[in-house]
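1. show me how the following folds:
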Amino acid sequence: MDYPAIKIERTAKTYPKLLKHIPDPPEVLYCRGNIALLKTECFAVVGTRSMTPYGREATQQIVPGLARHFTIVSGLALGIDAVAHHATLDCGGKTIAVLGSGINLITPETNLRLGQDILKNDGLIISEHPGKKPAGKRSFPERNRIISGLSKGVLVVEADEKSGSLITARLAGEQDRDVFAVPGNIFSSKSMGPHKLIRTGAKLVASSHDILDDYSKLPLAKSPHLSTIDPTHAMILAILEARGPLNIDSIIEYTDLGASKIIGALALMEIQGHIKQMAGGIFRKAE
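-> Okay, here's the model as predicted:
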């Protein structure tokens, strides 16, 4: 399926309201995909390209809970950005990818398939540049102001002290957006950025609830009914009902299924409102 670019000028009614009021909004947005997402509540998740296993797991754990309430925005870069997009798609959420290059040039090439998956799953890719214009030296800092400008808040998962993700966080502060950060290993350079943000006022995040507590009045997305023919979902519900709240490792052990299958099932079931994640990554059956 072809996804032609749509040009949205700043004066158009479809131009996102939050973005319109940043200090230097793009005069034009080029969009491919579901432009209705520009009118939804958005939240940004960003981080280093050279993530650690900890950063990957933290992103995979936190994003599904956010995707119940928000359209997840990120930069389609390697590392944390790509994991945030994947985690959103895996749990049935919606995501917006903001490019530093032209709207028809997805870079790096290794994320071309991810870009296609975003479009196939009713997501959106946007850029302020037309065609296949290559990204320049200033393209990514300029791109970052759009990521934060679209969003109510920004979460930084892992970042070096001079990471581009800290530029996004700084811009978020200048745009009067909320800034959140995931703490990390004190011996890892990837923790220096988030720890710096936390020291200067960003809210420490250990789960999606630490963010959602600040947005307690947000409505949940409408949830489809749980499929009674999905044996994995039925098995998880039966285990939680019989044994009470459990963490992921215990659920994997009791089901004797692979970790990736269980993580995906839990994320989808949480979005659908059939289970709830409590502090410490513990899951329980929804009431």
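2. counting neighbours, what do you get for residue 212?
-> 16 (other Cβ atoms under 10 Å). The way it works is simple: take the backbone N, C-alpha and C, and place the C-beta from them, glycine included.
3. measure it to residue 96 for me?
-> Distance of residue 212 to residue 96, given as Cβ to Cβ, to the nearest Å: 19 Å.
4. ranges for the helices of the stretch 151-287 of the chain?
-> For the stretch 151-287 of the chain, the helices defined by DSSP state H, counting those that start in this stretch cover 164-174, 192-199, 208-212, 231-243, 248-255, 259-271.
5. now do the phi/psi pair for residue 122.
-> The phi/psi pair for residue 122 (degrees, to the nearest 10) reads phi 70, psi 30.
6. neighbours around it, how many?
-> For residue 122, the number of neighbouring residues by other Cβ under 10 Å comes to 13.
7. poorly predicted segments of the stretch 51-200 of the chain, please.
-> Of all residues in the stretch 51-200 of the chain, none has pLDDT under 70.
8. highest mean neighbour count out of the helices of the stretch 151-287 of the chain?
-> Neighbour counts (mean count of other Cβ atoms under 10 Å) averaged over each of the helices of the stretch 151-287 of the chain peak at helix 164-174, with a mean of 23.
9. ok, residues contacting it?
-> 23, 44, 46-48, 80, 140-141, 144-145, 147-149, 151, 153-154, 156, 159, 178-179, 181, 193, 196-197, 202 (Cβ atoms under 8 Å, 6 or more residues apart in numbering).
10. how about stretch 275-287?
-> When contacts are defined by Cβ under 8 Å, 6+ apart, stretch 275-287 is touched by residues 61, 65, 206-209, 236-237, 240-241, 244-248, 251, 266, 269-270, 273-274.
11. just to revisit the earlier point, just put the helices of the stretch 151-287 of the chain in a markdown table and tack on distance to residue 28.
-> Below are the helices of the stretch 151-287 of the chain laid out as a markdown table (distance: least, Cβ to Cβ, whole Å):
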| stretch | distance to residue 28 |
| --- | --- |
| helix 164-174 | 19 |
| helix 192-199 | 31 |
| helix 208-212 | 31 |
| helix 231-243 | 44 |
| helix 248-255 | 44 |
| helix 259-271 | 33 |
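12. of the ones you listed, which is nearest residue 36?
-> Nearest of the helices of the stretch 151-287 of the chain to residue 36, taken as Cβ to Cβ: helix 259-271 at 18.6 Å.
13. for the closest one, C-alpha coordinates in PDB please.
-> Coordinates of each C-alpha in helix 259-271 appear next as PDB, following Å, rounded to 0.1, in the frame of the first residue of the first chain:
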ATOM      1  CA  ALA A 259       9.400 -14.600  27.400                       C
ATOM      2  CA  SER A 260       8.600 -12.600  24.200                       C
ATOM      3  CA  LYS A 261       5.200 -14.200  23.900                       C
ATOM      4  CA  ILE A 262       4.200 -13.500  27.500                       C
ATOM      5  CA  ILE A 263       5.500  -9.900  27.400                       C
ATOM      6  CA  GLY A 264       3.500  -9.200  24.300                       C
ATOM      7  CA  ALA A 265       0.400 -10.800  25.700                       C
ATOM      8  CA  LEU A 266       0.700  -8.900  29.000                       C
ATOM      9  CA  ALA A 267       1.100  -5.600  27.200                       C
ATOM     10  CA  LEU A 268      -2.000  -6.200  25.000                       C
ATOM     11  CA  MET A 269      -4.100  -7.400  28.000                       C
ATOM     12  CA  GLU A 270      -3.100  -4.300  30.000                       C
ATOM     13  CA  ILE A 271      -4.100  -2.000  27.100                       C
END
